[in-house]
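**Q** pasted the sequence and its predicted model underneath.
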Amino acid sequence: MPRCRTLAASWGHRLTTAAIKAYLADMNHAATPTPPATPGMLSLLRGERRRLSAALLLTVAGAAFELLPYWILYRAIDLVMAMATPVPGAELYRLAGAMAGALLGKYLCYSSAYYLSHRAAYQVLSSVRQQLVWRLSWAPLLWLQQHGSGELKQTVLQDVEQLESFIAHHSVEILAALVTPVFVALALFWTDWRLALAALATVPLAALASALPLRKLGGHFARHARSAATLNATLVEYLRNMPVMKAFNQDVGSFQHMRRQLADYYALIRTITHRTVPGWSLFTVLLSANAFLILPLGAWLHGRGQISLSGLLLAMMLGAGMLKPLFKLTSFSSDYQLVQASLARIGPLLAMAAPAPRPELPLQAPLQVDFNSVSFSYAGRKVLHDVALHLPAGSMTVLTGPSGAGKSTVARLLGGLIACDGGGILINGVPLDALPDAQRSGLIAVAAQDPFLFQGSVLDNLRLARPGASEAMVRQAAEVAQASAFIEALPDGYHSQLGERALRLSGGERQRLAVARALLADTPIVLLDEATAFADNLSEHRFYQALRLAYPHKTLLVIAHRMVAIAYAEQVVLMEGGRVCDAGTHAALLQRSALYQGMWRRHQACENWVLRGAGDATQRRSIHG
């Protein structure tokens, strides 16, 4: 079954990616998470009860067939010992045929049971995984921002895979492990009730040895699941940044965060191991210890003539192996704890219900944006303080300031990625948080400094914002974003395939694709968060010229450290320390703001700086004079 599991995991990954793409392409639902709920295993198996019931019945039949060879062997021994003359060959052949039939029946029953349990398990896997990714597709953007990709990946892939393994294997194996000793015990009681009690005498002690170490491990298993999720996310981060580490001749030993996560994970594993191994070892010894009771008691009974030699041999064969199937209960106990932890993580997602669609609010472009006393805190630290900001409809506003001023937080608030602690954001007087997700995404497009590009063609990545866009519309957006030249230089132009995260492209090329994608969305409001950080000054000037010419009615918010964009903006807003400290035209700020004057001088010095030969006193003139 390993290949089946691999295929299922691969299918689940494709389904997850498809659902996220669909969510980004058409956000036509909103959802409000309900309080977390832990679904029971039986509720997940509701649609597969008939198939699983058949599998369990076949398991019971297989356990009965498993006992038959011992009874046939007992009959053969009894037949040989009871006859003074040689046993007729026909009788032994009949017993041999019965033995073959019993083995074949056992094989057919267990094979059919495993087939049905795996069918049921993969059906549950498919159903639960589809439900999870469907709920992710309508999950609120704020909720998604609060859950890391490693956590969601573990829930959708590993946790569901844990359920599949539990249903496919344990449903059959645990029932067989419980039923087989019962059948053996009944056979021993039929042989001699005293030998049956001797065979079962070690069971209470073995159960106690197994249960005691697991009493206080529930919290450790929950910690194990959280640690595994964190380690998973850290490993993804390490793999993504491996080229950077190689460039600095660093290895995994230098990745301190990953080293700490690995140390915590293995410390937890050691704790669980130290607490479980002694009890498990004692459990295994006690399960095999009943032979030391059966043999002397059986010999004593045979000596008194109360049991035949063939009966004693049958009791020894059955008793010595009757408790070995219970070994599987140890793995069942630990796996059950892991499954419970998986169900606890799956529960909140499965409990998430899609509310009735909210009607779109009447808003007509061009749109103005107002930040009214907006505050925001992160991890208890105030990041924004009563930010008041007005973006006139159809205008371009440049938001600038030193690093850490809060500019990117403003962008994330307007993009709907986070929610403000106080105040509010209004679009033409309508609160931003009152808009359905689909309407908000149709009004505001965001191009970030570090864009995410999917595997696929350039055209697929650009059309993500507008799947029905014509090639002419795509080309116009690419030309404005100054991306058409490098796209057409690719081997297959717009149909060139991008690898994972488009790492073969430069940072500036990836940014230009993200800007083109935002422009192609054709939203009334466009937010550019350091979206031209990797571009040279000349390319930046060409971009802003083309942007204002091609889209004169869009409301633009440009967040930038560099001050190239101010030549094309109607308004410049200056931030410092999480506050808006000034706003106005470039000329007005240059007259009254010392902070802005210093930033402008540094910008001019960078623009005018050139390499000069000896005696060459010429300098490049600034575009601003």
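**A** Sure, I can see it.

**Q** what's the pLDDT at residue 368?
**A** With respect to pLDDT, residue 368 scores 91.

**Q** and the residue lying closest to residue 600 once chain neighbours are set aside, what element?
**A** Nearest in space to residue 600, with sequence neighbours left out and distances taken as CB to CB, 6 or more residues apart in numbering, is residue 590 at 6.1 Å. In short, each C-beta sits where N, CA and C put it, glycine included. Assigned by DSSP states H and E, residue 590 belongs to helix 586-592.

**Q** and residue 305, backbone torsions?
**A** The phi and psi values for residue 305, taken as degrees, to the nearest 10, are phi 80, psi 20.

**Q** and for residue 527?
**A** Per-residue torsions, residue 527: phi -110, psi 120 (degrees, to the nearest 10).

**Q** go on, residue 553?
**A** phi -100, psi 0.

**Q** how is the chain carved up into domains?
**A** When the chain is parsed with automatic domain parsing, its domains come out as 26-191+339-356, 369-450+523-608.

**Q** quick check: buried residues in the host helix or strand of residue 397?
**A** Using DSSP H and E, residue 397 falls within strand 396-400. Within strand 396-400, the residues that qualify as buried are 396, 397, 398, 399, 400, counting by 16 or more other CB atoms under 10 Å.

**Q** list the strands paired with it, with their directions.
**A** strand 555-559 (parallel), strand 571-576 (parallel) (DSSP bridges).

**Q** who's in contact with the helix holding residue 590?
**A** The contact list for helix 586-592, computed with CB atoms under 8 Å, 6 or more residues apart in numbering, reads 566, 567, 569, 572, 574, 582, 583, 596, 597, 600.

**Q** and the residues you listed, which is closest to residue 390?
**A** residue 583 (8.0 Å; CB to CB).

**Q** ok, the closest one - contacts?
**A** Counting by CB under 8 Å, 6+ apart, residue 583 makes contact with 389, 571, 572, 573, 574, 589.

**Q** now residue 120: closest residue in space that isn't a chain neighbour?
**A** Closest residue to residue 120 apart from its sequence neighbours, by CB to CB, 6+ apart: residue 48 at 3.9 Å.

**Q** and the gap between that neighbour and residue 349?
**A** Distance of residue 48 to residue 349, given as CB to CB, to the nearest Å: 20 Å.

**Q** these two - which one has more neighbours?
**A** residue 349 (24 against 20; other CB atoms under 10 Å).

**Q** could you count how many residues lie near residue 136?
**A** Counted with other CB under 10 Å, the neighbours of residue 136 add up to 21.

**Q** now do the buried residues in the one helix or strand residue 181 maps to.
**A** In the assignment (DSSP H and E), residue 181 maps to helix 171-191. Buried residues in helix 171-191, counted by 16+ other CB under 10 Å: 171-181, 183-185, 187-188, 191.

**Q** contacts for that helix next, please.
**A** 52, 55-56, 59-60, 62-64, 66-67, 70-71, 110, 113-114, 117, 120-121, 195-196, 199-200, 307, 311, 314-315, 318-319, 321-323, 325-329, 332.

**Q** for that helix, C-alpha coordinates in PDB please.
**A** Provided in PDB are the C-alpha atoms of helix 171-191 (Å, rounded to 0.1, in the frame of the first residue of the first chain):
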ATOM      1  CA  SER A 171      -9.800  -1.500  11.800                       C
ATOM      2  CA  VAL A 172      -8.700  -4.900  10.700                       C
ATOM      3  CA  GLU A 173      -5.600  -5.600  12.700                       C
ATOM      4  CA  ILE A 174      -7.000  -4.500  16.100                       C
ATOM      5  CA  LEU A 175     -10.200  -6.500  15.700                       C
ATOM      6  CA  ALA A 176      -8.200  -9.600  14.600                       C
ATOM      7  CA  ALA A 177      -5.900  -9.000  17.600                       C
ATOM      8  CA  LEU A 178      -8.900  -9.000  20.000                       C
ATOM      9  CA  VAL A 179     -11.000 -11.700  18.400                       C
ATOM     10  CA  THR A 180      -8.200 -14.300  17.900                       C
ATOM     11  CA  PRO A 181      -7.400 -14.500  21.600                       C
ATOM     12  CA  VAL A 182     -11.100 -14.900  22.300                       C
ATOM     13  CA  PHE A 183     -11.400 -17.800  19.900                       C
ATOM     14  CA  VAL A 184      -8.200 -19.400  21.300                       C
ATOM     15  CA  ALA A 185      -9.600 -19.000  24.900                       C
ATOM     16  CA  LEU A 186     -12.800 -20.700  23.900                       C
ATOM     17  CA  ALA A 187     -10.800 -23.600  22.400                       C
ATOM     18  CA  LEU A 188      -8.800 -23.800  25.500                       C
ATOM     19  CA  PHE A 189     -11.900 -23.900  27.700                       C
ATOM     20  CA  TRP A 190     -13.200 -26.700  25.500                       C
ATOM     21  CA  THR A 191      -9.900 -28.500  26.000                       C
END
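
**Q** ok now that helix, how far from the chain's centre?
**A** Mean C-alpha position of helix 171-191 versus that of the full chain (CA atoms, centre = their mean, to the nearest Å) differs by 40 Å.

**Q** continuing past it, what's the next helix or strand?
**A** That would be, after helix 171-191 and using DSSP H and E, helix 193-200.

**Q** export that next one as PDB, just CAs?
**A** Output of helix 193-200 as PDB, limited to C-alpha atoms (Å, rounded to 0.1, in the frame of the first residue of the first chain):
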ATOM      1  CA  TRP A 193     -10.900 -24.900  31.700                       C
ATOM      2  CA  ARG A 194      -7.900 -24.900  34.100                       C
ATOM      3  CA  LEU A 195      -5.400 -24.600  31.200                       C
ATOM      4  CA  ALA A 196      -7.500 -21.700  29.800                       C
ATOM      5  CA  LEU A 197      -7.300 -19.800  33.100                       C
ATOM      6  CA  ALA A 198      -3.500 -20.400  33.200                       C
ATOM      7  CA  ALA A 199      -3.200 -19.000  29.700                       C
ATOM      8  CA  LEU A 200      -5.100 -15.900  30.600                       C
END
